[in-house]
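**Student:** I would like to see how this sequence folds:
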Amino acid sequence: MTTDPALDTLLLPLRGGALAWPAEGRVLFLRARAGAGLGDAPRERLVCQQSFKPFADTLTKTGLAVAADVPAGERFALVLVLTPRQREEARALLARALGHAAAGGTVLAASTNTEGAKSHEADLARLAPLAGGLSKNKARAHWVKAGTGVDEALRAEWEALDAPRPVADARFLSRPGLFAWDRIDPGSALLARHLPANLSGRAADLGAGFGYLSAELLARCPGVTHLDLYEAEARALELARRNLPSSANFGFHWHDVTAGLPHRYDVIVSNPPFHVGRADDVALGQGFITAAAGALRPGGQFWLVANRHLPYEAELAEKFASARTVAEEGGYKIIQAVAGPARGARR
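**Tutor:** Residues are numbered from 1 along each chain as shown. From the prediction side, this is the model:
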C-alpha cells in the first residue's frame, strides 16, 4: 500500500497513547482512506464515509463498511477526519465532524502541510478548544472534545458552506472542493465550442463533474439520444443530476472510469483529471483514454481536452484508428480520435 502521510499522522495519537479507540460506541471516519494503521480500529463499529469511488472501492476490498454519505442525526464516540485542501470544503467537513460527535466524544483531524494543515488546525480551534495536537510526516494531527466550548453558531455557519450554490450566472449548482467548482473550466468550455453538431447516438461523459460538458453536448448535438455520465466523486454526481434536464435520457454512474466502462458508445467526451495532490499523473488521463477506446463502437468518436503539455498522443495513436488535434488555445488542446475495430463484445 502506498505511503499516506496524512493518514499515518491521523492515527499517531491512537497508536501512541495520546488518544484511545473507544471501548464502546461507533467510530466515524470522514473522507476515509485505507491504510495499515486501521488494523487496530474496532472494525465492527467503524463506519467509513468516502464519496470518491476509487478510495471507497479500496476500503470495501479491505472489508470495511463504506458509505458515500452519513445522515446528519447519527452520533459517534470518535470522529476521524482527513481534511481536504480547499478551505471552505475543509471548514464544512470539520463542522460536520463536530455535528456527528456524541457528547464527550472526540474529533480527530489531520492533513499534510501542503494541504493547509496549520490553517485547518486554526479553524478547528475556532470551533472548539484544542485538546491536543502533534506534527510528523510533514503533516499535523489535532483534536477536540465535543460539547466542550463548541461555538455552535460558527459550526452551523461553516457546515452550510457545503450546500449547493449557483455558479456560472446561476446556470449550474456547484459546491466547494469540486473541480473548477466556482466557474466554468476554460478547457471544458473550449471543448464544448469545438463539438460538431452532427454527433449522434449513445454518448458518455467521462469525469462529468457537476454536468457542464454534458449539458453542452446535449445543447449542441440534438442527435444524441442517450447520455451516460461517469463521475468518481459522488458529491459532484449528485449535482449533475440536478443540473441536467429531467426530460432527457440519462444514466448517472458513480464509477471509477479507469476500471473500464460497462456499455458501448457512439460518442465519448472527456476532460480527464491529471492531478494526484499537486503532482501531474499522466496515468490518470491514459486510463480515461484506454476506457474510451474499449467502449466505443467502430467509427465512434472520442473528443478530449487536455493541457497542452500532457503527452497523450502516443496512447491515442496506439488505442485508436486515427487521432488529430483540432485546436490549441490558452494552454489547452482539443483532440478528436476515431475508434477502429471492436475490442470485445459489449452491449
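**Student:** And the helices in the stretch 1-150 of the chain?
**Tutor:** Applying DSSP state H, counting those that start in this stretch to the stretch 1-150 of the chain gives helices spanning 5-16, 53-61, 87-100, 117-127.
**Student:** Summarise which helices and strands the last one is packed against.
**Tutor:** Here helix 117-127 touches helix 87-100, strand 101-112, strand 130-136, strand 139-145, helix 152-159, going by 3 or more C-beta pairs under 8 Å, 6 or more residues apart in numbering; DSSP states H and E. C-beta coordinates here come from the backbone N, C-alpha and C atoms, glycine included.
**Student:** For the residue lying closest to Gly260 once chain neighbours are set aside, which three-state class applies?
**Tutor:** Excluding its sequence neighbours, the residue lying closest to Gly260 (C-beta to C-beta, 6 or more residues apart in numbering) is Ala291, at 5.6 Å. Here Ala291 is helix, with the state taken from DSSP: H, G, I helix; E, B strand; the rest coil.
**Student:** circling back: could you dump the helices of the stretch 1-150 of the chain into a markdown table and include distance to Ser135, mean pLDDT and mean neighbour count?
**Tutor:** Converted to a markdown table, the helices of the stretch 1-150 of the chain look like this (distance: least, C-beta to C-beta, whole Å; pLDDT from 0 to 100; neighbours: other C-beta atoms under 10 Å):
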| stretch | distance to Ser135 | mean pLDDT | mean neighbour count |
| --- | --- | --- | --- |
| helix 5-16 | 8 | 95 | 20 |
| helix 53-61 | 24 | 95 | 18 |
| helix 87-100 | 18 | 97 | 23 |
| helix 117-127 | 8 | 97 | 18 |
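**Student:** would you list the ones you listed in JSON lines and tack on distance to Leu190?
**Tutor:** Converted to JSON lines, those look like this (distance: least, C-beta to C-beta, whole Å):
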{"stretch": "helix 5-16", "distance to Leu190": "34"}
{"stretch": "helix 53-61", "distance to Leu190": "27"}
{"stretch": "helix 87-100", "distance to Leu190": "26"}
{"stretch": "helix 117-127", "distance to Leu190": "33"}
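**Student:** among these, which is nearest Asp162?
**Tutor:** Minimum separation from Asp162 across those (C-beta to C-beta) falls at helix 87-100, 3.8 Å.
**Student:** Can you check what angle separates that closest one from strand 139-145?
**Tutor:** Between helix 87-100 and strand 139-145, the angle comes out at 40 degrees (axes from the mean of the first three to the mean of the last three C-alpha atoms, to 10 degrees).
**Student:** same for helix 87-100, what does it pack against?
**Tutor:** strand 27-30, strand 76-82, strand 101-112, helix 117-127, helix 152-159.
**Student:** got JSON lines for these, with distance to Arg140 too?
**Tutor:** Output for these, formatted as JSON lines (distance: least, C-beta to C-beta, whole Å):
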{"stretch": "strand 27-30", "distance to Arg140": "17"}
{"stretch": "strand 76-82", "distance to Arg140": "12"}
{"stretch": "strand 101-112", "distance to Arg140": "6"}
{"stretch": "helix 117-127", "distance to Arg140": "4"}
{"stretch": "helix 152-159", "distance to Arg140": "19"}
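**Student:** right, so the ones you listed: which one is the most enclosed?
**Tutor:** Mean neighbour count (mean count of other C-beta atoms under 10 Å) peaks for strand 76-82 among these, with a mean of 26.
**Student:** Wait, the residue nearest to Gly260 touches Pro262, no?
**Tutor:** No. If you go by C-beta atoms under 8 Å, Ala291 and Pro262 don't touch, sitting 10.5 Å apart.
**Student:** Which one of the helices of the stretch 1-150 of the chain lies nearest to Leu173?
**Tutor:** Per C-beta to C-beta, nearest to Leu173 of these: helix 87-100, 15.1 Å.
**Student:** Just the CA trace of that closest one, in PDB.
**Tutor:** Output of helix 87-100 as PDB, limited to C-alpha atoms (Å, rounded to 0.1, in the frame of the first residue of the first chain):
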ATOM      1  CA  ARG A  87     -10.700  25.900   2.700                       C
ATOM      2  CA  GLU A  88     -14.500  26.200   2.500                       C
ATOM      3  CA  GLU A  89     -14.800  22.400   2.000                       C
ATOM      4  CA  ALA A  90     -12.500  21.800   4.900                       C
ATOM      5  CA  ARG A  91     -14.400  24.100   7.200                       C
ATOM      6  CA  ALA A  92     -17.700  22.400   6.300                       C
ATOM      7  CA  LEU A  93     -16.200  19.000   7.000                       C
ATOM      8  CA  LEU A  94     -14.700  20.000  10.400                       C
ATOM      9  CA  ALA A  95     -18.100  21.500  11.300                       C
ATOM     10  CA  ARG A  96     -19.900  18.300  10.200                       C
ATOM     11  CA  ALA A  97     -17.500  16.200  12.200                       C
ATOM     12  CA  LEU A  98     -18.400  18.000  15.400                       C
ATOM     13  CA  GLY A  99     -22.100  17.600  14.500                       C
ATOM     14  CA  HIS A 100     -21.600  13.900  14.300                       C
END
